Every structure is written in C-alpha cells, then in structure tokens.
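*Asks:* below is the sequence, then the predicted model.
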There are 2 protein chains.
Amino acid sequence: MKCYREMTKEELLAERKELNERYEKCKALNLTLDMTRGKPSPAQLDLSNDIYDTLKTGYLDNAGQDTRNYGVAPGIAEIREVFADIIGTDKENVFMGNSSSLNQMFDAVMRAMVFGEVDSPKPWSQVEGRKWLCPTPGYDRHFRVTETMGFELVAVPMTDNGPDMDIVEELVKDEKVKGIWCVPCYSNPDGVVYSEETCERLAKMETGAVDFRIFWDNAYVVHHLSEDRNEWGKLPDMLSLCEKAGHANRVYEFASSSKITFAGGGISCFAANKENMAYTKKFLNAQTICTNKVNQLAHAKFLPSAEAVYRHMMKHAEILRPKFEACQRVLNEELGGNKDLWHWTDPKGGYFVSFYAMPGTATKIVTMCKDAGVALTPAGASFPYGKDPQDTNIRLAPSFPVVEDIEKAVRILSICAKITAIDKLLEE
Amino acid sequence: MKCYREMTKEELLAERKELNERYEKCKALNLTLDMTRGKPSPAQLDLSNDIYDTLKTGYLDNAGQDTRNYGVAPGIAEIREVFADIIGTDKENVFMGNSSSLNQMFDAVMRAMVFGEVDSPKPWSQVEGRKWLCPTPGYDRHFRVTETMGFELVAVPMTDNGPDMDIVEELVKDEKVKGIWCVPCYSNPDGVVYSEETCERLAKMETGAVDFRIFWDNAYVVHHLSEDRNEWGKLPDMLSLCEKAGHANRVYEFASSSKITFAGGGISCFAANKENMAYTKKFLNAQTICTNKVNQLAHAKFLPSAEAVYRHMMKHAEILRPKFEACQRVLNEELGGNKDLWHWTDPKGGYFVSFYAMPGTATKIVTMCKDAGVALTPAGASFPYGKDPQDTNIRLAPSFPVVEDIEKAVRILSICAKITAIDKLLEE
C-alpha cells in the first residue's frame, strides 16, 4: 500500500474511485454487523452454562448458612475470597453485590451525594461546581454516572501508562474535583495497563478535596488474551498503596463476573478499606438485607478459586484471540502502509481495539459504516459528553460477532477510513 | 382460666408463684428458639429447589433474547407479566430488579433525594424538616430507610382497615410530609388488609406536597394462609385508583419473590405509572445495564403465570398454616380467659402474629423470654425509632421454627405475659 501523503492528486483520485467502488459493493451486500458494545459472544456464555448444576449438591455455603434465606449481607465468605484474591486484597474488604458493578459504582456516588463520604465536610450534592476527572478515551457509562449527578466532567488524556499524571496532579489541587474514573487493567477502550508509577502517583498525590475518591474499576482484571502469564497485565494492590501513602480512604475498587460467567446474571464486588467499609455498611444495611447469595454460591462452586477463574478465562481467551487477530490482520492489510494517518491498539486483554482515524474524520467514518450496515459505537462515545475534540477515536468491540463478520466489518471501516482520509488530503 | 382482674391479691400471688415455677422450669431447658424475623423455613425454600433446572431448556426468553448477555433493562417480558398480573397492573408499568424489593425502595427514595421526583419543586435532600408517615406498628426496615435519609418519622395508628385515614388526611396537609409507607395486604405485623375505602382515600386525599408519594409495598400480595380464595386479601389496583383520582404520579408499587421462591436469591418488581417510569428510567439506565435476567428467566419458567404462583403459594400455606395455628392454640390456651389484658391477631396471610401485651410490659416480656432462650423481635421494633409509646406490641414470626418450637416459644411468651401482667396488677 502506497503512502497517501506521497501520492499526487491524480493518484489519490484514482484510489478514491477504486475505494468508492469497493464501498458501494459492500453496501450492496445489505449487511447488518454490530461492533458497538463489549458483549461476550454466545460461545463465551456457553462456557458457564452448567453453573447452576453446581447447586444440585445443596444450597449451604461453607459456613453452613442457607444461601436461599435472608442474611449474610456482605456475601458468602468463599466468593468474597475468590474476588479478594483476584483484585489482590483481603476478603474482609470485599462486599458482594448483584449482577452489575456499574450499579455499585452508581450507588457509591449516590451515597456520597446524599450522606457525604466518611471524611466529607458536606454531602457532595451540596458542592456547587463539583467536578470529576475522566481519563479519555474512557468508558461512556462511567462518565454518564457522574454527569447524571451533576458533576462537570473534566477530560484527562490517556498515555501508554494510564492517565497523564502531570495533568492529574495539577487538576486535583482544585478542591471541587472529587474523584476520578479509572479502568486500570486493559482500559476501555485503549487496553492500557496502568504502570506502577501511575498507580503510586495516584495514591500519593495531594488533592484539594479531603474526600477525593478513586473509582478503581477492575473490570478486566482477569481478562487476558494471552496464555503466557508473563504477558498478563499486573497491578499493585491499590488499597494498600493508598494506605501506605497516607490516603487510606482514597480508593474504592470494583469488579464483576459479567465477562467471566454471565453479563446478564453475574455477581459483582465492591472493595474498600476498613473505615470506608464500616461507614458504607451503615447505608448498605439500610438498603438491603442481602444481595443474591444463591448466585454467589453457584459462582463459588463453579469457580472455587482465583486459579479456577484464571483457567476459565483462558477458555474465553481462546474464543476471543482469533477475533482480535482478525481485527489486526484486516487493519494491517488495509491500513498498514499509512501509520502516519491512523493507528490502532493491539491490546493484551480487555474487550476493545481503539482505532484512531485521521483527526476530523471519525464521525464521518461511523456514519459511512452505518450506511453500509456496520454498527459502530458512535464517534466520541468514549469522551465526556460524547464529544471527541479531535474527532479521531473509534472504539471497536470484536467480542460478540464471529470472525467472518469482524473481517467484513473492519474491512468496511478501513475503506471508509481511507475514503475520508483521501477527501481530507484533497482538501488540504 | 380465671379472669385476673377479678382475682384477689392472694389469688394473684398464688398464680404468680405457680407461673414463676413454670418459668424457671422453662429456663432450665436451655432452649434456643428464634421467632425474630419473617424468614421462610427450609421446608418452604425446598419448594423451589428445582428452579434452576428449568434453565436446562435454554437461556433465551420468549422474545428470543439471550438472558445471559447485557441488555433488556426493564427485565424480560414474561416475568414482568407475571408480576403485573399479581399486583393488578400492566406489564408496561413494571421494572424488574434484583433479589431485594427493599433495595428498590431505598433507591427510589435516594433518587428523590438527589434528583427530586418528576413533579418536585426541588430535590428532597434540600427540604429541611422533611417528614414521612409511618403506619404503626409497621415494618422496621421501611422506617429505617427514611430515617437514614433524614426524614422525621411520623407515626400513624393502624386500624382494622389500614392506617387511620382521618389522621393521615390531616397530616398530609403539611407540605413537608413527602410520603407514606404502606404494606396494604397482610400488613407487617398486624396482618391488616387495607379496605377499599382506605385505598380510595389514600388516592384522593389532598396533600400539601405536590410530589407526595405512597410507597405501596405489596410484600404479601400472594401470601395467603387460606385455601379458600374468597378469604384472600384483595386490593384495588392502586395505580389506576390514583390516576382516576387525578394523582397519577402518587404511587410506587413494590413486590418480590423473596417469600415465593428464595429470600436470598429471588427477584423484585417496581411498578409506576408512565410519567414516573419514564422519569425514573433516566436514572435506572445510568445506574445499570440490566438486572439479573437469568434469574428472571428461571423464575418465569418455574412460575410461568400468576395462577402458577397462586398454586405454588398454596404449598407454602400448607407448611405455614400449622405454625400459625400453633400460635393461636397456645395463646388461646394460656391467655384466652383474659382478653381484656391482652389480645393478638389471627391473620389470613402474611408472616406475623401481632401480640398486644398489657401496656408497659412488652419490653419486660421480651427480656424475660430472652433469658429463657426465646429470641423475639425487640419490643418497639415495629415503631418509628424503635419506640412503642405504649410498650405493648410484640411481633411474633412463626414461619421459620418448627411447630414444636413455636409451641414452646409461645408458651414461654404467654407465661411471661401473665407474670408481667400480675406484677402490674399488684402494683395498681
């Protein structure tokens, strides 16, 4: 593939014509392909189909408690232990929730809004002009939570090591900045694993708000694509790190089994240090008698240890790898010769490939793809308020479609990326 | 049994001595009996042991949607329909939650605190001196929710037809009064079924607050003790009633399968009219992608219609009836001759027998029972702030223990009731 920037206008027009023919041919196929959301595929979900068979041996947990009945608010010990091992903390710090960790994050912000944090001068709802840091690109549903609660969303650029800490350290001096969203392992959508230095600086930094909180969403903590454990993203235990730095109350951790077992029927985990947990339980215990313990038991029997989870995740990886490889293959084939015009990630885990088109073309590409039957996440979705100032980022979610469909979809994306790029170059 | 009020001091002292001997004998048995909470018994929970077997036929709902994956935020249609039928509304008004309806109530108040209701002048957290009506005796965990959120709890006496509506109508003129807790069918703990007139007056009454809400907790809507359907508590459809009265936004309804299938692993339902639901979904959809749909599917397959639920509940009733009968039998035997000193309910459904001791003796009775190894709900638990001004009510929960234990426990309760009554009479 020839470098576009070195082509003459005539060459570009010829290339444009050829691409247009390809695009029209694709359109004529009347495809309906969906690469919008990070949903597990049916084959992945099938891996856990037998999870409820485990209940045939009974509904008692290891402590002899009947999971079918009320009680045991923080969840049964054996599953708290599995999640504690996964995220690298102690089970005493873990409180199990229902199927959605997002729900636990939303609830945590709501509690701070109404009651304040344990160290808050006043409830956050009373803080005019409250702000929240959003490493971007990031997870749209995170941003929506704090937007819904009236926070001004402040974008922080991502680097290969996590959020740009020079900028973060500057921004958090503002006492109106109450927190930050973090997906530290295989970030959504860039697939970045936060470096140890980033984690340490997050734990150590001086914040204007005494009740600053890091929402540490470990959504992809065991979602590795490689069989080689040396390649797995690894993170320090953030709870300990914050404690050592003298900011013990700073971090809330979240994780879930949504992409381990069932996205529509898993369990979730909330972790906090002792003081935060004691304070939070005052409200959690008013909110509910217990979350779904039967499902916790099924999970504990089906995946009785962190090691069992790792092995299970390697079955997911086997299904996911060819899909991620298909993305890379087609992108390299179609776009490999013009890495100055666009680039994309090749993550070691997580659920996304993050594609960076020529600035100012992402929206157009997504629209063109849509017209050709390929649904992509709206351009800008990974940015606060859905607005990518560079109009460059497109999040690709290859987990759900089959390889053949991914190839088709990414090929169409590539064609559209090239067409829009040529149009842009011709304008220049 | 002789009437205490007609006995001489000597007769009372002799009776007191005999009772004391019986009490000491009971103590010597070193019993540990628990009548504290309305928990289903293992035999009841066993009725649903096969619920997850239903998933062997697949994880797709009737619309062909994969319940294992993300999406379908309001829940799958077939289970929304079952709950809609049970509570007497349309499935469009129903949003399915996780295992705890209390959680949904807590969340509903939280939303009003932070965002206000759709018709609120301002969020409830900004209303100084906000108040909440608590028909008493009532459910302690209801009261705790609004207490936690800073409402002043205002007690309203219960009658045989529901809360005393003359008092309610007066109190709601105060614009600080934002809502009322209601358990309209087999109320906790009195077992009262609200009369049609009560329901109508609740729907029609003029409230000072334009955003007044009835929290209609239909916790025991299908929890009948009688086989005879004519004896079942029946309620009008409160959503329609409020709409007809020109207060369409007034009521939120709740129900759950906690005491139908599993208290520790059921599903819950939230129902609201169109305007409330559209407004609430703005926040629900920020809070979570979906609740546990796999569990919804298991429930829908296990209990595919309201009729199936009714039949299932009759199996519960078969287990529960002998327990409620045991309560009545022992109470009548021991205390039947002195109905002027105490009385108790004989409910047609629900989970409790409400015992009214001689005023000023309930706390003492509960303490004496505890010393004899019988755990009862703390006296006053069913009242705002845990304080029964008359110190008379004791909530008995006969669902969990076996009949033999219930007989023992209620006998000890009766002995203590008599001892404390005699002491009281001797003081007079």
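*Replies:* Noted; the coordinates are in hand. As the structure is a prediction and not an experimental result, all values here were calculated from the model.

*Asks:* strands of the stretch 151-300 of chain A, residue ranges please.
*Replies:* Along the stretch 151-300 of chain A, the stretches classed as strands by DSSP state E, counting those that start in this stretch are A:152-159, A:162-163, A:177-182, A:213-217, A:251-256, A:268-271.

*Asks:* need the three-state assignment for the nearest residue to A:Val403 once chain neighbours are set aside.
*Replies:* Across the structure, with Cβ to Cβ, 6 or more residues apart in numbering or on different chains as the measure, the residue nearest A:Val403 apart from its sequence neighbours is A:Ala326 (4.9 Å). In short, each C-beta sits where N, CA and C put it, glycine included. Per DSSP: H, G, I helix; E, B strand; the rest coil, the local secondary structure of A:Ala326 is helix.

*Asks:* and the gap between A:Ala326 and chain B?
*Replies:* Separation of A:Ala326 from chain B (Cβ to the nearest Cβ, to the nearest Å): 21 Å.

*Asks:* please apply the same query to A:Glu318.
*Replies:* Counting by Cβ to the nearest Cβ, the separation of A:Glu318 from chain B is 19 Å.

*Asks:* run through the residues that contact A:Val94.
*Replies:* Contacts were defined as Cβ atoms under 8 Å, 6 or more residues apart in numbering or on different chains; by that measure A:Val94 touches A:74-75, A:80, A:83-84, A:269-271.

*Asks:* one more time with 6 Å, if that's ok
*Replies:* Counting by Cβ atoms under 6 Å, 6 or more residues apart in numbering or on different chains, A:Val94 makes contact with A:80, A:83-84, A:269, A:271.

*Asks:* how about A:Thr148?
*Replies:* Neighbouring residues of A:Thr148 by Cβ under 6 Å, 6+ apart: B:Ala286.

*Asks:* before we move on, the earlier item: just the buried ones from the contacts of A:Val94?
*Replies:* For the contacts of A:Val94, a neighbour count by 16 or more other Cβ atoms under 10 Å in any protein chain shown gives the buried set as A:80, A:83-84, A:269, A:271.

*Asks:* give me the nearest residue to the residue nearest the centre of chain A, chain neighbours excluded.
*Replies:* Residue closest to the average C-alpha location in chain A (Cα atoms, centre = their mean): A:Asn188, at 3.7 Å. With sequence-adjacent residues excluded and distances taken as Cβ to Cβ, 6+ apart, A:Asn188 is closest to A:Tyr139, at 4.4 Å.

*Asks:* likewise A:Val222?
*Replies:* Leaving aside its sequence neighbours, A:Val222 sits nearest to A:Met313 (Cβ to Cβ, 6+ apart; 4.9 Å).

*Asks:* quick check: phi and psi at that neighbour.
*Replies:* As for A:Met313, its main-chain torsions (degrees, to the nearest 10) stand at phi -70, psi -30.

*Asks:* quick one on the thing from earlier: need the strands of the stretch 151-300 of chain A in JSON lines (columns: mean pLDDT).
*Replies:* Conversion of those to JSON lines gives the following (pLDDT from 0 to 100):
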{"stretch": "strand A:152-159", "mean pLDDT": "98"}
{"stretch": "strand A:162-163", "mean pLDDT": "98"}
{"stretch": "strand A:177-182", "mean pLDDT": "98"}
{"stretch": "strand A:213-217", "mean pLDDT": "98"}
{"stretch": "strand A:251-256", "mean pLDDT": "98"}
{"stretch": "strand A:268-271", "mean pLDDT": "98"}
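
*Asks:* show me the one of these that comes nearest chain B.
*Replies:* Taking Cβ to the nearest Cβ as the criterion, chain B comes closest to strand A:268-271 out of the strands of the stretch 151-300 of chain A, the separation being 9.9 Å.

*Asks:* got a list of contacts for that closest one?
*Replies:* Under Cβ under 6 Å, 6+ apart, the answer for strand A:268-271 is A:83, A:89, A:93-97, A:100-101, A:104, A:253-256.

*Asks:* any idea which of these is closest to A:Gln44?
*Replies:* Here the nearest of the contacts of strand A:268-271 to A:Gln44, counting by Cβ to Cβ, is A:Ser256; it sits at 14.8 Å.

*Asks:* the closest one and A:Ser101 touch, don't they?
*Replies:* Yes: assessed by Cβ atoms under 6 Å, A:Ser256 is found in contact with A:Ser101 at 3.9 Å.

*Asks:* neighbour count: the two, which is higher?
*Replies:* Counting neighbours by other Cβ atoms under 10 Å in any protein chain shown for A:Ser256 and for A:Ser101 shows that A:Ser256 has the greater number, 27 against 24.

*Asks:* show me what that one is bridged to.
*Replies:* Residues found in beta-bridge contact with A:Ser256 (criterion: DSSP bridges) are A:Ser268.
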